[in-house]
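Chemist: Need the 3D shape of this:
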Amino acid sequence: MAENTQQKGLSQEELDALVASSDTGGRGATGKVGVFLTCVALAWSLFQLWIASPIPFIVGWGVFNDTESRSIHLAFALFLAFAAFPAARTKFQVGLGIVVPVVLAFLFMTGAKDGTATWWIPLIALAVVGAVLLGSPKDRIPVWEWALAIVGAIAALYLYVYYRDISGRVGAPITQDFVVAVIGIMLLLEATRRALGPALMIVASMFLVYTVLGPNMPSIIAHKGNSLSEIVNHQWITTEGVFGIALGVSTGFVFLFVLFGSLLDRAGAGNYFIQVAFSLMGHMKGGPAKAAVVSSAMTGLISGSSIANVVTTGTFTIPLMKKVGFSSEKAGAVEVASSVNGQIMPPVMGAAAFLMVEYVGIPYFDVVKHAFLPAVISYIALVYIVHLEALKAGMEGLPRAYTPKPIVQRLVGIAFTIAAICAISFAVYYGMGWIRPAFPETAGYIIFVFLTAVYVGLLYISSKEEPLELDDPNAPVTALPLPGPTIRSGLHFILPVVVLVWALMVDRLSPGLSAFWATTYMVFILVTQRPLTAMMRGEGRLGRAIKQGGLDLIDGLETGARNMIGIGIATATAGIIVGAVSQTGVGSALADVVEVLSGGNILAILLLTAVLSLILGMGLPTTANYIVVSALLAPVIVTLGQQNGLIVPLIAVHLFVFYFGIMADVTPPVGLASFAAAAVSGGDPIKTGVVAFFYSLRTAALPFLFIFNTELLLIDVTWVQGIFVFIVATIAMLLFAAATQGWFLARNRIYETLALLLIAFTLFRPGFWMDMVSPPYAEEQPTEIAAAALATPVGEDLRLRVAGVNDLGDPIEFVAVLGIEEGATGEERLENAGLMFRTEGETLIIDDVAFGSAGETAGLDWDQEVLRVLRPVGQPSKYLMFIPALLLLGLIVFLQRGRAARIATKPA
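Modeler: Take a look at the predicted model:
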């Protein structure tokens, strides 16, 4: 019998406090103050629903522009940050809370180069320092913290109240602007320290230091330096800094998705997902661990926090994993590895995914499409890792409460279910396609009535089953729940997810509007499910059920708002960093630094980016980590990749950064999710983090693979190709997992592990070997470019390595991919691509590039020198490399099956 979780780990109250301290705020205000904070959180949620809805535009009242809505959004976040998060009392935290305001005050006074009065700046810093020194109790809100909360909210609301006045003096701030901006920046950084810890506060402060002291920096990153007037204007008065894109995404998209997840969880979907996963998978070898992986993947729909996901599912799954033989560290590591990956699981991904929409400039549908295969493959591989752990330890699953049907009968049932789902999907898809043109004015009402009818039907089915209660994981497990009744007991929870996916993927609505309709429908379900269920079961007490439904709604709205405090603060503070990057031009300087450190090698650049993401992620939340690293290094990777002849799509780079930002929640010594899992399991947090990182190697490998093989992101592939890529990539990742776990069909020999890694790499990147056997391009002399263009089939690309200067006048070399268009001669094809050339001896110079042409799209410009011309040549199919890989795999299977058979027959 495994040890009771509560004996070595934390109690449920302590676990709730752990989540609160990291996500919703650890201060437990009660009485009138608690009611007031609940009202503020409710007001925030209702405001977000209001601005996302079409109602303001219909009634012509309450319409806010982007800047106004961001201002109000940050005001709520700052107020609740000071009210809900007590200041930490460690010496380091207090020291930081004193040093940062003092340093900023000195910097801002130094930067006041235009005669602006600065006597008031030390007073602001002194007030902030005084509030830090006075302390911050956890059970009440002292007067000075009320003051910080109110003043912070007013500073954020300044852009809303004085929007018209400010718009008339952009670039010329007045004294009032100076005072509000300095107060706002200092209080935002203090709120960041409270809600998110010291790391993001330190990083943002360092960028402010860099902004002012640019001339005193090393020459490679030096800049002219910016005055206080420029900082105030850039960081607070305009939307280039704090109120920039990141805060806009938090306001327009992220809040509604977090709120949707909070309401779905309050309705009981989290418990439902856990129970369904256990009823379907608990009987397998290591079943509780497999169920933990699946339930965490589903719970990723309703929780954007790794820590909350670990604690929510882990309090149930970790003790059961220990019951079937997992150690405390391995049980915690499985939960960490699966919970953290919830942020990369479409259709509802972490907050950073919505930032990609703005930063990359593609629809959210495309983000989901590109992220889908790596996420699914990663989860399948984790289930396989758990299976291998169970095989190695000889584990069994939990007992079933029923006799399973014969395998043929089960396969027929599964096939019938899949066919039924497909038939219903086609009927709904084409039915909706008919309703909209047939009833253009009333289609929305008809669809709502249809959904409501389906909801009532599913709720009726649910009412015939026993209510799902989350069992005590520390109690003896006599049998698993029955799959059929368990699944039927919560089918109506799928409807809001269907609404969300439909709006995002089929109707192609914006993420904000999609989340609004899904959240609105979730509100309808939350309010009605208890009264309708009571009526269907004939339980009576309808008034009590209606009241409980209302309380569930209030609790869900409040929790959603409190879950957003950290994200709102993080995106605003990350805006300081993004603003500093754009104001100082440090991005181009950093490109030079990275190029020097990496020697121009693209793989070295990727490794540097991965390490930087992991280091920053030790203290930054995933969203802030993504904003910082993508702002600094994403353009560098694309540029240096192009210089090395590797054309890297921007979405691939951003997903690369996103994946390693998530990995930071796992990585010791500061992996917060690992500490949360260890608190549940009673295991050692560092050992838990090490094992979780080992399990997560598959997640770390995927970004490197899809940078070099963009087919994994479904870029430029058909549906048939996509299915093929999915099957092959899944097999490759399973082999990679078998290699890293040291077990395939039996324990691996060293040479078998190396062979499995080689096979996995070949399946992932068959083109790597084929390019060695048969190069894909033939090099031509630059002066023979016309002949090369004529020999290149229309629609394919001619690659040109050119030398020129960048926007700053510095010399660069890069590879341009030129699409070849129709033309009778090579010269005509080049002219149709918008290019004119001149020769100077043996040198080929670009003489002109037509505006909007294929040549301009390729990055070509006049006076650039063409150094090399690479013409595509016929190449055998890269998939021929699968043949030797599969033959080698067959040899390994043969060797291990023989060894496994000998071990099985060997006398004990």
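Chemist: From here on, just use CA atoms for contacts and neighbour counts.
Modeler: Fine.
Chemist: so how far is the one helix or strand V310 maps to from its chain's centroid?
Modeler: If you go by DSSP states H and E, V310 is part of helix 306-323. Helix 306-323 sits 21 Å away from the centroid of its parent chain (C-alpha atoms, centre = their mean, to the nearest Å).
Chemist: From the contact counts, what lies against whichever helix or strand comes after that helix?
Modeler: Counting by DSSP H and E, the next helix or strand C-terminal to helix 306-323 is helix 328-340. When contacts are defined as 3 or more C-alpha pairs under 8 Å, 6 or more residues apart in numbering; DSSP states H and E, helix 328-340 packs onto helix 287-299, helix 306-323, helix 364-393, helix 672-681, helix 685-695.
Chemist: helices or strands next to whichever helix or strand comes after helix 328-340 in the packing?
Modeler: Using DSSP H and E, the helix or strand that follows helix 328-340 in sequence is helix 351-356. Packing contacts for helix 351-356, counted by 3+ C-alpha pairs under 8 Å, 6+ apart, involve helix 245-249, helix 364-393, helix 622-643, helix 650-663.
Chemist: looking at the helices and strands packed on helix 328-340, which is closest to A604?
Modeler: Smallest distance to A604 across those (C-alpha to C-alpha): 21.1 Å, for helix 685-695.
Chemist: Let me see the residues that make contact with the closest one.
Modeler: Here helix 685-695 makes contact (C-alpha atoms under 8 Å, 6 or more residues apart in numbering) with 329-330, 332-334, 336-337, 382, 385, 663, 666-669, 671, 674-675, 677-679.
Chemist: Convert that helix to CSV, retaining C-alpha atoms only.
Modeler: Taking Å, rounded to 0.1, in the frame of the first residue of the first chain, the C-alpha atoms of helix 685-695 are listed here in CSV:
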residue,chain,number,x,y,z
PRO,A,685,11.0,18.1,-5.7
ILE,A,686,14.4,18.2,-7.4
LYS,A,687,14.3,14.4,-8.2
THR,A,688,10.8,14.9,-9.4
GLY,A,689,11.9,17.7,-11.7
VAL,A,690,14.9,15.7,-13.0
VAL,A,691,12.6,12.7,-13.9
ALA,A,692,10.0,15.0,-15.4
PHE,A,693,12.6,16.6,-17.5
PHE,A,694,13.8,13.2,-18.7
TYR,A,695,10.2,12.3,-19.6
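Chemist: Next, the angle helix 328-340 makes with that helix.
Modeler: 60 degrees (axes from the mean of the first three to the mean of the last three C-alpha atoms, to 10 degrees).
Chemist: Which helix or strand lies directly C-terminal to helix 685-695?
Modeler: helix 697-708.
Chemist: Could you give me the buried positions within that following helix?
Modeler: L697, R698, T699, A700, L702, P703, F704, L705, F706, I707, F708 (16 or more other C-alpha atoms under 10 Å).
Chemist: Repeat that for stretch 494-501.
Modeler: L495, P496, V497, V499, L500, V501.
Chemist: So what's the gap between that stretch and the chain middle?
Modeler: 20 Å.
Chemist: which regions of the stretch 201-350 of the chain lie under the pLDDT threshold?
Modeler: 300-306, 308, 348, 350 (pLDDT under 70).
Chemist: Surely V182 touches S229?
Modeler: No: V182 sits out of contact with S229 when judged by C-alpha atoms under 8 Å, with a separation of 10.7 Å.
Chemist: neighbours around P122, how many?
Modeler: Applying other C-alpha atoms under 10 Å, we find 17 other residues in the vicinity of P122.
Chemist: can you check the one 3 residues further on too?
Modeler: The number of residues packed around A125, counting by other C-alpha under 10 Å, is 23.
Chemist: same question, F255
Modeler: 28.
Chemist: Which secondary structure state is assigned to A803?
Modeler: strand (DSSP: H, G, I helix; E, B strand; the rest coil).
Chemist: show me where this protein has strands.
Modeler: Assigned by DSSP state E, the strands in the chain fall at 777-780, 797-805, 811-819, 835-840, 843-849, 865-872.
Chemist: So between V182 and S229, which is more surrounded?
Modeler: Taking other C-alpha under 10 Å, V182 and S229 do not tie; V182 has more neighbours (24 against 21).
Chemist: L616 and A624: what is the separation?
Modeler: To A624, L616 is 9 Å away according to C-alpha to C-alpha, to the nearest Å.
Chemist: which of those two has more neighbours?
Modeler: Ranked by neighbour count (other C-alpha under 10 Å), L616 and A624 place A624 first, with 27 against 21.
Chemist: Just the pLDDT for the more buried one.
Modeler: You'll see A624 listed with a pLDDT of 77.
Chemist: mind listing what it touches?
Modeler: L200, A570, T571, A574.
Chemist: Might you report the residue contacts of A155?
Modeler: Here A155 is in contact with A75, V180, A181, I183, G184 (criterion: C-alpha under 8 Å, 6+ apart).
Chemist: surely T792 meets I820?
Modeler: Yes: at 7.1 Å, T792 counts as touching I820 under the criterion of C-alpha under 8 Å.
Chemist: overlap in contacts of those two?
Modeler: Here T792 and I820 share the contacting residues L798, scored by C-alpha under 8 Å, 6+ apart.
Chemist: need the buried residues of helix 697-708 in CSV with pLDDT and distance to P218, can you?
Modeler: Converted to CSV, the buried residues of helix 697-708 look like this (pLDDT from 0 to 100; distance: C-alpha to C-alpha, whole Å):
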residue, pLDDT, distance to P218
L697, 84, 37
R698, 83, 39
T699, 83, 37
A700, 85, 34
L702, 88, 36
P703, 89, 33
F704, 89, 32
L705, 87, 36
F706, 87, 36
I707, 88, 32
F708, 86, 34
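Chemist: Using CSV, please lay out the residues you listed together with distance to I245.
Modeler: Formatted as CSV, these follow (distance: C-alpha to C-alpha, whole Å):
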residue, distance to I245
L697, 32
R698, 32
T699, 28
A700, 28
L702, 28
P703, 25
F704, 27
L705, 29
F706, 27
I707, 26
F708, 29
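Chemist: which among those gets closest to M284?
Modeler: The closest of the buried residues of helix 697-708 to M284 turns out to be R698 (C-alpha to C-alpha; 22.5 Å).
Chemist: care to break the chain down by domain?
Modeler: 12-238, 257-369+385-566, 777-874 (automatic domain parsing).
Chemist: Report the distance from the longest one to the chain centre.
Modeler: Same thing as domain 257-369+385-566. 19 Å.
Chemist: again, but for the shortest one
Modeler: Taking C-alpha atoms, centre = their mean, the mean C-alpha location of domain 777-874 is offset from the chain mean by 38 Å.
Chemist: Make 69 the starting number, not 1.
Modeler: Sounds good: first residue 69 from here, last item domain 845-942.
Chemist: how long is it from one end to the other?
Modeler: Across domain 845-942, first to last residue, C-alpha to C-alpha, it's 8 Å.
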